[in-house]
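Trainee: Sequence and computational prediction follow.
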Amino acid sequence: MSTVRTVPSIALRVAAFAVAFCMATGVQAAAGFVQFVSGEARVILRDGSSRPAQKGVELNEGDTVVTGRGASAQLRMSDQGLIALRQDSQLLIDTYRYNGSEDGTERSVLGLLRGGFRTLTGVIGRTTKTNYLIRTPNATIGIRGTDHETVFIASPSPGEVAAGVPGTYNKVNAGSTFVETPSGRLNLEVNQVGFAGLQPGVAPIRLESIPAFMRATSQQQGRDDKRAVRESASGDRRGTQTANGAAGSNGSTGGATQTATRVEYVQTTSDGALTFAQAGQALTAAPAGYAGVGGDKSGSILGSGALRVSVGGDQVLFGADGQMALLSSADGFRYARSGAAAVHSGRLELLDNGQAVEVKWGVYSGGAIVDNSGSRAAQFFHFMGAQGTPPGVVQSLSGSYTASMAHTPFITETGTLGGSLNSVSISLNNGNLTGYSLGITDGQGRSWSGCAFACSVGSVGLVQFADKGVQLTGSGPGGSVSGNAHGLPVGPNGKGVISSFDMKTAGGAAVTGSFLVKDPAKP
């Protein structure tokens, strides 16, 4: 896919903190450890490698815990908090700071990418409530209490049945919480459930009753959680001796769908390389000339790229839902959805001189990637694809592409999804890119602007625009921006252009996404 990777400088600050902490104490404290596992579960490290989530395995900032179908896991954090992870779930330990005392520096930010968990909070957040947050793809949850449950349900693929309406759910068992999105904030008390749907512009609401998928295991789960707290408080790292765990023994669903294919990261080599098994899904090859753009967030890495299907070159395979499932480029980039949940998807028809061109896009919360940086697990992968413009047309294509048609949710360095494409302009002249600029607002409400050729006039061939991309400069939250953009014209006459981008600031903020823009003057 010819991706260019953006590594936010926040990673350097994290590394500096770790070095300073080790010098002061002689050891870097773990965020926690795996206390109990039932079924198949794995820990994916910040670098993308993975290992089995066995009892006693340490957990660190940047790790992601993934449970399979019918599995569950209990995690004991270093501040004595407990997390009971349901089946078919994916939980990122985004930020974790605890030096053994409540001095105001303690902080925990968890990212629920799919599925659900119950948590009995520990020291972090007990005094300074804002130091403890949970983020899902569409909402942020804060606490004013000690015991609550969070579930994120993604949009189901065709043929799947969702456990509930897609979105974020939060249930309070003790204390209180809040659910917040860009459209509003909802406070919750004991035995109340809040819901934030995936539709933009709709504020979170309080549900009149507890959803069935949250009721099914609450009684047994509560007993197991409290027993785990007692055992862990005494220093027992063996874990509980029950197979119920967070998901319970009745097979209740905490993940995206009741019939969804689980995420698989199959180990095939001693160094943990990832295979690309599609878990039994039928795959269909994209036709020659199909154009695709996209990018990923994998730990501290954000990137973007493009490809064009050709015989013996770049390849795209579609899953049963008609969306991209496998991508492979001639330069060695490969992405496999591997059953990851779709947290967003969309389609439209672009009319190019009377011919309908189907454009499809989406975001997956997971998948496996191999490129020149090695193999890793993606936290999010965004994409957009359509039939590309024939080479004979591309070589002399000109146009001014200023009308925004669609875009994926933009993905930030914190894993927040959302935002808007406020302005865009792509200029082509006789088969060359001569101008590129865009302005966006991300899901955290931050404004970004970026342009190619130092916001002046330049020129690169459209083949280079797709393969190598162009560098972006501009402004973003707290400072100047650097980044990259790639793109390809689509439609038989080049009515539209699909493009992906990534931008970062020196302060560690970053964002990536894909969009479709058209030339309003073309028929």
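Mentor: Arrived safely, thanks for sending.

Trainee: going forward, measure contacts between C-alpha atoms and count neighbours the same way
Mentor: OK.

Trainee: now the helices for the protein?
Mentor: Using DSSP state H, the helices of the chain run over residues 10-25, 212-215, 218-233, 391-394, 462-467.

Trainee: Mean pLDDT lowest where, among the ones you listed?
Mentor: Of all the helices of the chain, the minimum mean pLDDT falls on helix 10-25 (a mean of 30).

Trainee: quick one, domains of this protein?
Mentor: With domains defined by automatic domain parsing, the chain comprises 31-233, 284-518.

Trainee: With mean neighbour count added, can I get those domains in CSV?
Mentor: CSV is the format used below for the domains of the chain (neighbours: other CA atoms under 10 Å):
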stretch, mean neighbour count
domain 31-233, 21
domain 284-518, 22
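
Trainee: just flag whichever of those has the lowest average confidence.
Mentor: domain 31-233 (a mean of 83).

Trainee: Off-centre distance for that one?
Mentor: 16 Å (CA atoms, centre = their mean, to the nearest Å).

Trainee: Roughly how far does the residue nearest the centre of the chain sit from S459?
Mentor: Closest to where the C-alpha atoms of the chain average out (CA atoms, centre = their mean) is F380, at 2.8 Å. For F380, the distance to S459 equals 32 Å [CA to CA, to the nearest Å].

Trainee: same thing with I440?
Mentor: Plainly put, I440 is 24 Å away from S459 if you go by CA to CA.

Trainee: Check E58 too.
Mentor: 51 Å.

Trainee: what do you get for F33?
Mentor: Going from F33 to S459 by CA to CA gives 53 Å.

Trainee: cool, L307 as well?
Mentor: From L307 over to S459 the distance is 20 Å, taken as CA to CA.

Trainee: cool, and L433?
Mentor: 5 Å.

Trainee: for G478, same thing?
Mentor: From G478 to S459 the distance is 30 Å (CA to CA).

Trainee: cool, P166 as well?
Mentor: Applying CA to CA to P166 and S459 gives a distance of 44 Å.

Trainee: now do L417
Mentor: Relative to S459, and taking CA to CA, L417 is found at 32 Å.

Trainee: If the closest residue to S89 other than its chain neighbours is in a bridge, with which residues?
Mentor: Ranked by CA to CA, 6 or more residues apart in numbering and with sequence neighbours excluded, the top spatial neighbour of S89 is G115, at 3.9 Å. The bridge-partner assignment for G115, based on DSSP bridges, gives F152.

Trainee: same check, this time on the one 5 residues further on
Mentor: Taking DSSP bridges, one obtains L82, D147 as the residues bridged to L120.

Trainee: Report the contact partners of it.
Mentor: Shown in contact with L120 (CA atoms under 8 Å, 6 or more residues apart in numbering): G81, L82, I83, T146, D147, H148.

Trainee: State the distance from the nearest residue to G479 once chain neighbours are set aside to S482.
Mentor: Ranked by CA to CA, 6+ apart and with sequence neighbours excluded, the top spatial neighbour of G479 is T505, at 6.1 Å. Distance from T505 to S482, counting by CA to CA: 7 Å.

Trainee: What of D467?
Mentor: For D467, the distance to S482 - CA to CA - is 19 Å.

Trainee: just Y401 next, same as before
Mentor: In terms of CA to CA, Y401 sits 22 Å off from S482.

Trainee: before we move on, what about G319?
Mentor: For G319, the distance to S482 - CA to CA - is 34 Å.

Trainee: and what of R185?
Mentor: R185 is 33 Å from S482, by CA to CA.

Trainee: Now do the contacts for the nearest residue to S456 once chain neighbours are set aside.
Mentor: If the residues on either side of it in the chain are set aside, S456 comes closest to G435, at 7.6 Å by CA to CA, 6+ apart. Residues near G435 by CA under 8 Å, 6+ apart: S425, I426, S427, L428, C451, A452, F453, S456, V457, G458, S459.

Trainee: likewise K297?
Mentor: G303, A378, Q379, F380, F381, I411, E413, G415.

Trainee: Return the set of residues that bridge with it.
Mentor: L302, F380.

Trainee: before we move on, what about D314?
Mentor: V309.

Trainee: wait, it sits on L307?
Mentor: Yes. Between D314 and L307 there is a contact at 6.3 Å, judged by CA atoms under 8 Å.

Trainee: From H382, how far off is S328?
Mentor: 15 Å.

Trainee: where's the nearest residue to L326 once chain neighbours are set aside relative to A203, distance?
Mentor: Closest residue in space to L326, ignoring its immediate chain neighbours: A336 at 4.6 Å, by CA to CA, 6+ apart. According to CA to CA, A336 and A203 sit 34 Å apart.
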